[in-house]
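# Give me the fold of what follows.
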Amino acid sequence: MCALPNSPPALTVDVLVGDRYVPVMITSSPTTPFAFSSATATYTPMTPQVSTALPAMMVADGQYWTHPTVMSLPMAKSTARAGNVVVRPVWAHNLREEVELIESLLRRFRYAAVDTEFPGTVYRPKVPTYALTAEKKYALLKANVDELHLIQLGLTLFDAAGRLPDLGTGVQYVWEFNFREFDVRRHRHAQESIALLRSKGVDFDRTRRDGIDAAAFGPRLRKLLRGGLGDAGVITFSGAYDLAYLVKMMLGSGYKLPATPAEFESVVKAMIRKRLYDVKEMARRCPRDVDLRGGLDRVAGKLDVRRAVGEAHQAGSDSLLTCQTFIKIRERYFVGDDDLTTVAGIVAGITAC
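Numbering: from 1, shown residues only. Okay, the predicted model is just below:
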């Protein structure tokens, strides 16, 4: 359990509602994170916008690691393949077997790259994100994550050299978990984001029918983290939303994110308890003449990293590209342990500018 400090006074943010901006009051209420004024009695879905210029957070815990051998378990049927990398789709029917397989690999593959896919964002600021205070940036993240549901989680396990599990087959594997909570017919979403995910192969009828119950997966994720998932580092790219959705899932569907960035930092520390490396922040700290600005695909392309399987906005594929980009940027610009330590715990999108 996380003991949180007293919440601060309410905060007002200008948010686009329909075709106009209106003030939205953010409070610390556990059941109603946003209280609308009388002028905001109704709202409609809005264009998705996830900032890559949000602030970041310091989280660093010391860990001790060992290197036992890899076990091999039966393989899931794959729906995506390229070269020698296979994405292992995880649904309700094979969740137990795949989690047990992952558990058997954790002590050798001590890094974990994650990516999430969700229904876009339905709150966005009136002004450019960089012009917002850290509190208002976090308030928008909180509003979106509190209201929306996770659709996919991509997971790539790898070792310090960037090797992936091959289960003795000569083929390397990453995972893609599919969740059932989001109902495109009932739940708010950004229409553009849903159209994009459909174009990438997400079947929203199947996720509702065959997807994993997030309430059942949350305890399993907590167990994986206790058992060594990401012991050497949890890797994200502009990972604020990724971490927020993971925390929400681990603490239950009724959980509302804390009211302030500092409180959120405390919750992430308590729940993840790993070194965090955000590739977006690592890219920002590279020499200016390198110019590693932009999204994941652009940064990867600048580093000559090519997507090994799947497409952008497929969670398994994006988690692998995050892994590969982390390895390449570390090799080029964070050679020594001291260099890497300078970015450990800094996540683009949470509390540090």
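
# Ile258 and Ala139: what is the separation?
Not quite, residue 258 is Pro, not Ile. The spacing between Pro258 and Ala139, counted by Cβ to Cβ, to the nearest Å, is 11 Å. Every residue, glycine included, has its C-beta placed from N, CA and C.

# quick one, which of the two is more surrounded?
Ala139 (27 against 23; other Cβ atoms under 10 Å).

# ends of stretch 178-185, how far apart?
Start and end residues of stretch 178-185 are separated by 18 Å (Cα to Cα, to the nearest Å).

# Return the set of buried residues in that stretch.
Neighbour counts over stretch 178-185 (16 or more other Cβ atoms under 10 Å) mark Asn178, Phe179, Arg180, Glu181, Phe182, Val184 as buried.

# again, but for stretch 158-174
When neighbours are counted by 16+ other Cβ under 10 Å, the buried residues of stretch 158-174 are found to be Phe158, Leu164, Pro165, Leu167, Val171, Gln172, Tyr173, Val174.

# hmm, who's touching that stretch?
Surrounding stretch 158-174, the residues in contact under the criterion Cβ atoms under 8 Å, 6 or more residues apart in numbering are 70, 72-73, 75, 84-88, 101, 105, 108-113, 154-157, 232, 309, 316-317, 319-320, 323-324, 327.

# ok, now with 6 Å
Under the contact criterion Cβ atoms under 6 Å, 6 or more residues apart in numbering, stretch 158-174 has outside partners 72, 84-88, 105, 109, 111, 156-157, 316, 320, 323, 327.

# Out of these, flag the one nearest to Tyr333.
Using Cβ to Cβ, Ile327 is the member of the contacts of stretch 158-174 that lies nearest Tyr333, at 11.8 Å.

# how about the closest one, what does it touch?
Applying Cβ under 6 Å, 6+ apart, the residues contacting Ile327 are Gly162.

# Once you drop chain neighbours, what's closest to Phe182?
For Phe182, the nearest residue in space outside its immediate sequence neighbours is His149; the separation is 4.0 Å by Cβ to Cβ, 6 or more residues apart in numbering.

# and that neighbour, what helix or strand is that in?
Using DSSP states H and E, His149 sits in no helix or strand.

# Repeat that for Thr116.
Secondary structure (DSSP H and E) places Thr116 in strand 111-117.

# average pLDDT for that strand?
If you average the pLDDT over strand 111-117, you get 98.

# now swap in stretch 176-194 and tell me
Taken as a whole, stretch 176-194 carries a mean pLDDT of 96.

# now the end-to-end length of it.
Distances were taken as Cα to Cα; on that basis the terminal residues of stretch 176-194 are 18 Å apart.

# Contact partners for the residue nearest to Lys302 when sequence neighbours are not counted?
Leaving aside its chain neighbours, Lys302 sits nearest to Leu292 (5.5 Å; criterion: Cβ to Cβ, 6+ apart). Taking Cβ under 6 Å, 6+ apart as the criterion, Leu292 is in contact with Ala283, Cys286, Val299, Lys302.

# can you put these in a markdown table and add pLDDT?
Written out in a markdown table, the entries for those read as follows (pLDDT from 0 to 100):
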| residue | pLDDT |
| --- | --- |
| Ala283 | 93 |
| Cys286 | 90 |
| Val299 | 95 |
| Lys302 | 94 |
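
# Could I get the residues you listed in CSV, plus columns for secondary structure?
What follows is the contacts of Leu292, written out as CSV (DSSP: H, G, I helix; E, B strand; the rest coil):
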residue, secondary structure
Ala283, helix
Cys286, coil
Val299, helix
Lys302, helix
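
# Isn't Gln152 up against Glu117?
Yes - with contact defined as Cβ atoms under 6 Å, Gln152 counts as touching Glu117 (4.1 Å).

# Common neighbours of the two, please.
Taking Cβ under 6 Å, 6+ apart as the contact definition, Gln152 and Glu117 share the neighbouring residues Ala315.

# okay, which residue is most central for this structure?
Relative to the mean C-alpha position of the chain, the nearest C-alpha, by Cα atoms, centre = their mean, is the one of Asp242, at 1.8 Å.

# Roughly how far does that one sit from Leu221?
Per Cβ to Cβ, Asp242 is found 13 Å from Leu221.

# lowest-pLDDT helix or strand in the chain?
Of the helices and strands making up the chain, the lowest-confidence element is strand 34-36, at a mean of 32, by mean pLDDT, DSSP states H and E.
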